[in-house]
Every structure is written in C-alpha cells, then in structure tokens.
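Colleague: Provided below for reference: sequence and predicted model.
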Amino acid sequence: MSEAVMSWSCGVVRGAASSSATTSLAGWQPDVLGGPRYRRPRRPIGIIGRALFLALVVCRVVVAAPGATSTEADLLAVLRSESPEADKALSCKFLAVNGSAAAVGDLATLLANPRLASWARIALEVIPGDEASAALREAAARLNGRLLVGVINSLGVRGDSAAVPMLAGTLADEDPEVAAAAAWALGRIATVEAGEILAQAMEQVADSPEQLASLAEAAVLCAANLQAAGSTDEAIALYGVVRAASVSEQRRAEAIRGTIIAKESAGIPLLVETLRSPTKRLANMAVFTARDLGLGDAANEALATAVDAALIKEIETAASDGAVVRAVLLIDVLSQRSDGSPSPPVTAALARATGSFPKPIRLAAIAALGRAGDATVVDSLLTAAADDDPEIADTARNAVAALADQTVDREITNRLAGADATALPALLDLVGRRRIDALTEVLPLVNHPDARVRIAAIVALGPTIDLQNLGVLVAACTAATTPAEAEASRTSLREASVRMPDREGCATTLAAAIEKSPVEAKTLLLDIISEVGGSKAVETMASAAQSSDEALQDAATRLLGKWMTADAAPILLQLATADPAMKYRTRALRGYLRIARQFVLPDTERAEMCRRALAAATEEADRKAVLEILVRYPSAATLAVAEEAATMPGLEADAVKSAEAIRGTLPPTQKAD
C-alpha cells in the first residue's frame, strides 16, 4: 500500500474513531458567529470501498476522540491534528473544564475560524490567568465583523480591565454591532474608568438615538456593577447621566430604580416623586422598587422603616388629594412589605385607613389588615364589620376570618360576653367562620331577645356544636318564630349533623327527636337523618314508612328510594310486598330496583334481588325493568332468573330474548344446559 493511500486511510480511521464524540454533537449547527457544521463522510462502496477496508485493517488510530475524561494534552492533540472540526469543537468544550494557560495558544489560533471561534471562546472565557485575556485582546486587534464582536463579548465576560482603552476606541467603530458589543463589554467590566468612558460617549452621541440606546443600556449595567462593587458615588453619577439623556422610558426607569437603591434613605424623595409620575412605566418601576426596598437579602432595618414611613405619608397625602387609585395601590404595597408581620406604625396606619377615608381606600385597608394583620387589628376590623355599608361589613368579616394568628380566636371569644345586640351578629358570624370552640358563650344566645342575634347564634352552631348539645338545634327548628329563623335552624342542624363523627349517635339523637316533634318537623328530621346514614337511620326510615301517617310514609319512601347504601334494600322490598292498600308500594319497589341496577353487588345477590322483584312486581313496566337489569349484569345466576321468568304469563317472549342475550355473552362453562 502506498504512503499516500495509507495516510489518507488513516484520516478516515480517525474520523471513524471519533464517531462517539461526533454523535454527541448530532444536529450541531453554526452559531451566529459562524460555528461549525459536521458532516459524516459517506460510506465508500464497491471496489474502492473494499480497498479502503483493507487499508483500515492495517492502520491504527493516531488521535483519540475527545471525551470528559480526556487530559489537557489529549485535547490539545486533537486541536493540533487533522481531526474533524466537530471533534475540535468538543475538545474546546472540555478545555473549558480542565484547560490551563498551556491551552491558550492553540485556542487562540481558532478565533479566526468562523466555525470554531465561538467554541474556542467558551474555553478562553473561563481559563484563569492573564494569558487568555491577552490572547483575546491580541485577536481583537486583527479581527473584524462578527468575529470581533464575539471576542469583545468574551473580554466583557472575563471582566478584563486591561481591555478598557481598546474598547473605548472601539465605541466609535463603523460597524454598529461592534460598537454595541464594546459598550456592553465596558458595562460588564465596570471599572470607574469604564463608567467615565460610557458617560462621555453618551454626551458625544446625544444626536444619534441608536448609538445612545446601546450606550445607555451599557451604562445602566455598568452603574449596577459599580454599585455592587462598592463604588456607590460613581454609580449614582452614571445613573444621573442616563436619567438626563434622551433615552427610552425603560432606560430612564432602570436608572431611577438604580439611583433610589444606591442612595438608600436619601433616595426616598426620588421614590415618592416617581410614585406620583403620570408616566405609567416610571410609576410602575417605583412601585416595584418600593415593594422590596430595605428588605430581602440586602435587608436594612433603618431603610425599611424609612420606606414604610414614606409610604404611609404618601397614602394619607393621596387620600386627601383625591388620588384614590394611587392610595389603594400603595396600601397594597405596604401590606406586601409587611409579609404577615406588620410593624406597629404600619398596623396603625392601615387601621386609620379603615375609618373615614373614601370607600375604595377603606376596603383596601381592611383587606390588607386581613392579609398582614394579627390580633392587634381585630378592634379596627370589628368596628368595620358593624358598618352600615354591607360591602364594608362583609369585607371586614372576611378579613378577620382570614387572620392566621390563633390569638384572634381568644379575642373574639372574650368579646362575646360584653357585646351588645349591634356587635354580637358580627362576632357570632366570625365564631362560625373560624370554627371557634365557644359553645359556653354561644349556646345561651340562641334564646336572645333580638332575632338577629338568635339567628347568628344558630348559624354559628352549625360548624361548631357537638353531639351532646345537638338537641339545641333540634329545639330551635321547632321553636322558630320567623321564616328566617326556621331556615337558619334547618340549615345549621343539617350542617352539624352531617359533620358529626359518630353518625350512629347522631341518628339516634335525631330519631328520638322525631317522636316528640310535630309532623312538619318530623319530615325535616327524616330528611337530615337520610343524609347522616347508617343502620340507625335505615331503621328510623323503616319505622316512618310503616307508620299510619301518610306524610311520614311519603317522606320515608321517597328518601329510601334515594338511599346511598344497599342496606335499604330489605326495607324497600318489605314495603313493596306489604298490604296492597299501601299507597307507596310501587315507589318502594322501584327504589329496590334502583339498588339492584346501580350498586356493586355479588352476582348471586343481584340475581336473588331480581327474582324477588319479579315476584313482587304488579306492573309490566317493572317486570321489564327487572329483565333489563339481568341483561345488564350477565352471569350464570342472572341467566337462571331470566329462564325462570320465561314461564311467567305475559313475560314469556321478553324473558326468552333476555336469556338469549345473557347466554350470548357468557363463556361456555357458565351457560345452562
């Protein structure tokens, strides 16, 4: 084999050996600076292919494919070889992890390669030492266009202060992308000199909106970095240049925010001024700044207190000036700053705002106290809860109900004893909403002479009363003197009954009350017992359905027909087969069929229910309903019932069809002979 063929074939082998590396770059596309594109070589075919195969057999791999475990020397060997550019790109990526100053020279040679420049810069941006920065500065002197943009960006990433003079000269480059990149890099490097250069450049291009825009953006970035580095005065000065220039509202808003943050307490007047700005973007930026100034990671208690005081004063000023919308917004900001733990001055200010201010401000302050208040705000909120304006009163009650501080419950309970008929309804409403254990205080109020208080006490007992005192609500149902009181009693008794953990005990209490109640109350109690459920409830329903009172028969059979457990079935069947004179036999049978049709039951139990229903049914519609159930649940047991039904007069044809339908769905082992 000739030396030329051997050399060429070895190159193919190197490409094949790097397949694992290139596979990881599948779909690789050039970046905006002209990154590489890898093409897998076509497979040779025919005679040439066989010749190449023989060459590959005798050739060994010279350069290994780059990988995460490759050493710096291995990766540099790839860069210096004739390996595919995809392998070189991958080597650059790994050099960003384990490269050193020794790799800078090889990486720098790639900065002029449109396909590999960005990959080389990935490593050069992070390799420690001035060698990488020097290489980038040297490349900046000889490159242009997008390759130069990339190098300038990398100098900015490295924060290379030595590049500042070169970048200053590049600010006037004819290529606007290069000039913009230089401005950004200066903002990222953010030395005092860089800030001065940007400020001077902004003054020089005041008549060029496009250049001014990129410089202003860089200046804001530079000022923020200066502030972070402790050069506060220089940062404030640079922000001032941006604020004075003819820049966009967004840049001006950023400069204002930066100035306020940098000046700390001295920046509060600017904050207040900007909060009043008619320009929405500026006002929104001020609101955003006010929400966290002095808080968070850079907490400054003195600053936070000063900001709170300024916001409180501004809320009162806005309210007196009729700027209701601004006042409402600032109340929201003030409550958000409190984060559930408002300071006494903030609590006092919000409490004042619940009083004589315009209604929207009062509503905002009440809601804010509900979000951020504690037991100390209960007095103000309860005063508002008794307001003649229903919206104010309801908002205040909602606010108290939302307070997370558990001492609020004790405060409300303590107030019940001394409250008059005007304050009691609001307090009782809160007892119910917060589910406060205050039975000792609430139970006597069920007999209060004021109807509003009685109703409020009854409603409060719904979510709070225990089983031992459930009779109080039963008695309230029978003793109600007004429709409103009767409705409140019924609703509260129902709520209390269905939440009782001992449902058998609850049903027993209600059943005992039925015996002593008038007919109207009996039917109400039956309805509630049906929602409680359980064996005692079924027993009570059976007794009512079999009584001589038609109203109770009607209520009990209706409720049994909707029962949610299968234990009602025997009672319904018994009623369906009772004295033919019973008015609700058909209703009972159909309730029984509902259980057979809808409930999950064993096949044999369902089939037996259908057999008994067929025997009890007196109407053709009910018999056909039984056949439908049999077909709906095919089994050997239901098939047997269908075949029995075929012998019943008037049902023969329908029953035979049902049996055939069932038989057609059963496996051979379950079909009757």
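Modeller: It's in.
Colleague: residue 417 touches residue 444, doesn't it?
Modeller: No: using Cβ atoms under 8 Å, residue 417 is not in contact with residue 444; the gap is 10.3 Å. Quick note: C-beta positions are derived from backbone N, CA and C, even for glycine.
Colleague: so for the two, which sits in the more crowded spot?
Modeller: The neighbour comparison of residue 417 against residue 444 (other Cβ atoms under 10 Å) goes to residue 444, with 11 against 8.
Colleague: that one and residue 455, how far apart?
Modeller: Noted for residue 444: a distance of 15 Å to residue 455, by Cβ to Cβ, to the nearest Å.
Colleague: and if you look at residue 611?
Modeller: Distance, residue 611 to residue 455, by Cβ to Cβ: 53 Å.
Colleague: more neighbours: which of these two?
Modeller: A direct count of neighbours by other Cβ under 10 Å for residue 611 and residue 455 places residue 455 higher, at 24 against 18.
Colleague: the closest residue to that one other than its chain neighbours: what secondary structure?
Modeller: In space, not counting the residues next to it along the chain, residue 455 is nearest to residue 488; the distance is 4.7 Å by Cβ to Cβ, 6 or more residues apart in numbering. State at residue 488, reduced to three classes by DSSP: H, G, I helix; E, B strand; the rest coil: helix.
Colleague: which residues are in contact with residue 488?
Modeller: 455, 458-459, 480 (Cβ atoms under 8 Å, 6 or more residues apart in numbering).
Colleague: most surrounded residue in those?
Modeller: Of the contacts of residue 488, with other Cβ under 10 Å as the count, residue 458 tops at 29 neighbours.
Colleague: what helix or strand is that one located in?
Modeller: helix 451-461 (DSSP states H and E).
Colleague: mind listing what's buried along that helix?
Modeller: Neighbour counts over helix 451-461 (16 or more other Cβ atoms under 10 Å) mark 453-461 as buried.
Colleague: same check, this time on stretch 133-146
Modeller: Neighbour-count burial for stretch 133-146, with 16+ other Cβ under 10 Å as criterion, is recorded at 133, 135-137, 139-140, 143, 146.
Colleague: assign a three-state SS to residue 126, would you?
Modeller: coil.
Colleague: residue 71: which of the contacts of residue 488 is nearest?
Modeller: residue 459 (79.1 Å; Cβ to Cβ).
Colleague: so who does the closest one touch?
Modeller: Contacts of residue 459 by Cβ under 8 Å, 6+ apart are 428-429, 432, 488, 491-492.
Colleague: dump the buried residues of helix 451-461 to a markdown table, plus distance to residue 96 and pLDDT.
Modeller: A markdown table is the format used below for the buried residues of helix 451-461 (distance: Cβ to Cβ, whole Å; pLDDT from 0 to 100):
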| residue | distance to residue 96 | pLDDT |
| --- | --- | --- |
| 453 | 76 | 96 |
| 454 | 78 | 95 |
| 455 | 75 | 96 |
| 456 | 71 | 96 |
| 457 | 74 | 97 |
| 458 | 74 | 97 |
| 459 | 69 | 97 |
| 460 | 68 | 97 |
| 461 | 71 | 97 |
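Colleague: from the buried residues of stretch 133-146, which is closest to residue 172?
Modeller: Looking across the buried residues of stretch 133-146 and measuring by Cβ to Cβ, the closest to residue 172 is residue 140, at 14.8 Å.
Colleague: can you redo the buried residues of stretch 133-146 as TSV with distance to residue 298, secondary structure and pLDDT?
Modeller: Putting the buried residues of stretch 133-146 into TSV (distance: Cβ to Cβ, whole Å; DSSP: H, G, I helix; E, B strand; the rest coil; pLDDT from 0 to 100) gives the following:
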residue	distance to residue 298	secondary structure	pLDDT
133	31	helix	97
135	37	helix	97
136	33	helix	97
137	35	helix	97
139	39	helix	97
140	36	helix	96
143	41	coil	95
146	39	helix	96
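Colleague: of those residues, which is the nearest to residue 373?
Modeller: residue 133 (56.1 Å).
Colleague: report the contact partners of the closest one.
Modeller: Residue 133 neighbours (Cβ under 8 Å, 6+ apart): 155, 158, 160, 162-163.
Colleague: equivalent analysis for residue 574, please.
Modeller: residue 542.
Colleague: next secondary structure after the helix or strand hosting it?
Modeller: Per DSSP H and E, residue 574 falls inside helix 569-576. Next in sequence after helix 569-576, counting helices and strands by DSSP H and E, comes helix 585-598.
Colleague: report all helices and strands that the next helix-or-strand element following that following helix contacts.
Modeller: Downstream of helix 585-598, the next assigned helix or strand under DSSP H and E is helix 603-616. With contacts taken as 3 or more Cβ pairs under 8 Å, 6 or more residues apart in numbering; DSSP states H and E, helix 603-616 sits against helix 569-576, helix 585-598, helix 620-632, helix 636-645.
Colleague: how many neighbours does residue 475 have?
Modeller: Residue 475 has 17 nearby residues by other Cβ under 10 Å.
Colleague: now residue 354
Modeller: Count around residue 354 with other Cβ under 10 Å applied: 26.
Colleague: quick one, phi/psi of it?
Modeller: Main-chain torsions, residue 354, degrees, to the nearest 10: phi -80, psi -10.
Colleague: so, low pLDDT: which residues of this protein?
Modeller: 1-63, 340, 670-673 (pLDDT under 70).
Colleague: 80 - rerun?
Modeller: The chain contains residues with pLDDT under 80 at 1-64, 297-298, 338-341, 372-375, 405-406, 579-582, 668-673.
Colleague: count of neighbours near residue 337?
Modeller: Residue 337 has 21 neighbouring residues, counting by other Cβ under 10 Å.
Colleague: what packs against the strand or helix carrying it?
Modeller: Per DSSP H and E: residue 337 is located in helix 324-338. Secondary-structure packing of helix 324-338 (3+ Cβ pairs under 8 Å, 6+ apart): helix 280-292, helix 301-320, helix 344-353, helix 359-372.
Colleague: can you put those in a markdown table and add mean neighbour count and distance to residue 397?
Modeller: Output for these, formatted as a markdown table (neighbours: other Cβ atoms under 10 Å; distance: least, Cβ to Cβ, whole Å):
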| stretch | mean neighbour count | distance to residue 397 |
| --- | --- | --- |
| helix 280-292 | 18 | 28 |
| helix 301-320 | 18 | 24 |
| helix 344-353 | 19 | 16 |
| helix 359-372 | 23 | 10 |
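Colleague: take those helices and write them to TSV, including distance to residue 240.
Modeller: Conversion of those to TSV gives the following (distance: least, Cβ to Cβ, whole Å):
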stretch	distance to residue 240
helix 280-292	16
helix 301-320	21
helix 344-353	32
helix 359-372	35
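Colleague: to residue 336, which of those lies closest?
Modeller: Among the helices and strands packed on helix 324-338, if distance is taken as Cβ to Cβ, the winner is helix 280-292, at 5.6 Å.
Colleague: how far is the closest one from where the chain is centred?
Modeller: 25 Å (Cα atoms, centre = their mean, to the nearest Å).
Colleague: between helix 324-338 and it, find me the angle.
Modeller: Helix 280-292 and helix 324-338 are oriented at 30 degrees to each other (axes from the mean of the first three to the mean of the last three Cα atoms, to 10 degrees).
Colleague: just the angle for helix 280-292 relative to helix 301-320, thanks.
Modeller: Going by the same axes, to 10 degrees, helix 280-292 makes 130 degrees with helix 301-320.
Colleague: what's helix 280-292 packed up against?
Modeller: helix 249-263, helix 268-275, helix 324-338.
Colleague: what do you get if the cut-off is 10 Å, keeping everything else the same?
Modeller: The contact analysis (3 or more Cβ pairs under 10 Å, 6 or more residues apart in numbering; DSSP states H and E) places helix 280-292 against helix 249-263, helix 268-275, helix 301-320, helix 324-338.
Colleague: the longest one to helix 268-275, inter-axis angle?
Modeller: Between helix 301-320 and helix 268-275, the angle comes out at 40 degrees (the same axes, to 10 degrees).
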